[in-house]
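Enquirer: let me see the structure of the following:
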Amino acid sequence: MQLAAAVGAALLIVGPAYGRTDTTNQPAIFTVRVTITDHGITMTPNHAARGSTVTFILTNRGKKIHKFQIGDVKRGPGYGQGFAQTLKPDQQYTKIMYLDYRGIMNFKTKVGSTLVATGKFKIT
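Expert: As a prediction, the model looks like this:
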């Protein structure tokens, strides 16, 4: 009985420290809107912080099929992160990524083999 009371008292003393809100930073969550047309790309915002979770929302507003690529689409040692997606006219695609490094992710869109637009997404 005394042991139970001692453990209970210890938990009352230590317990409040677990509930503090200032012990861990909240993760950053961003939405990046990518609008693709037959003449270019608009990406807003074009940067995010390392350690963020980013939701890329791609929308093809053009009349042609576009292939969007950002970062490295190959996987393995020596490669970064990224993805590629083909979008039909008026199609939308959502991709969620955790940004685990700092640097620049180049992006581009092509119609067939013709390069339409390029840009840079900065991870700070």
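
Enquirer: now do stretch 55-71: distance to the chain's middle.
Expert: 15 Å (C-alpha atoms, centre = their mean, to the nearest Å).

Enquirer: quick check: buried residues in that stretch?
Expert: 56, 58, 59, 60, 62, 66, 67, 68, 69, 70, 71 (16 or more other C-beta atoms under 10 Å). C-betas here are computed from N, CA, C, even on glycine.

Enquirer: would you check which pair of those residues lies furthest apart?
Expert: 62 and 71 (22.0 Å; C-beta to C-beta).

Enquirer: what's the helix or strand where residue 104 lies packed up against?
Expert: Residue 104 is part of strand 103-111, with elements assigned from DSSP states H and E. Secondary-structure packing of strand 103-111 (3 or more C-beta pairs under 8 Å, 6 or more residues apart in numbering; DSSP states H and E): strand 41-44, strand 66-71, strand 114-123.

Enquirer: and of the ones you listed, who's closest to residue 83?
Expert: strand 66-71 (6.4 Å).

Enquirer: which residues sit against the helix or strand following that closest one?
Expert: Counting by DSSP H and E, the element after strand 66-71 in chain order, helix or strand, is strand 82-87. With contact meaning C-beta atoms under 8 Å, 6 or more residues apart in numbering, strand 82-87 is reached by 36, 58-60, 65-73, 93, 95, 97, 105.

Enquirer: got the angle between strand 82-87 and strand 114-123?
Expert: Angle of strand 82-87 versus strand 114-123, following axes from the mean of the first three to the mean of the last three C-alpha atoms, to 10 degrees, is 140 degrees.

Enquirer: where does the prediction get shaky in this structure?
Expert: 1-27, 76-79 (pLDDT under 70).

Enquirer: OK, contacts around the residue most central in space within it?
Expert: Taking C-alpha atoms, centre = their mean, the centroid of the chain lies closest to residue 54, which sits 2.3 Å from it. By C-beta under 8 Å, 6+ apart, the residues touching residue 54 are 29, 30, 31, 32, 48, 96, 97, 98, 99.
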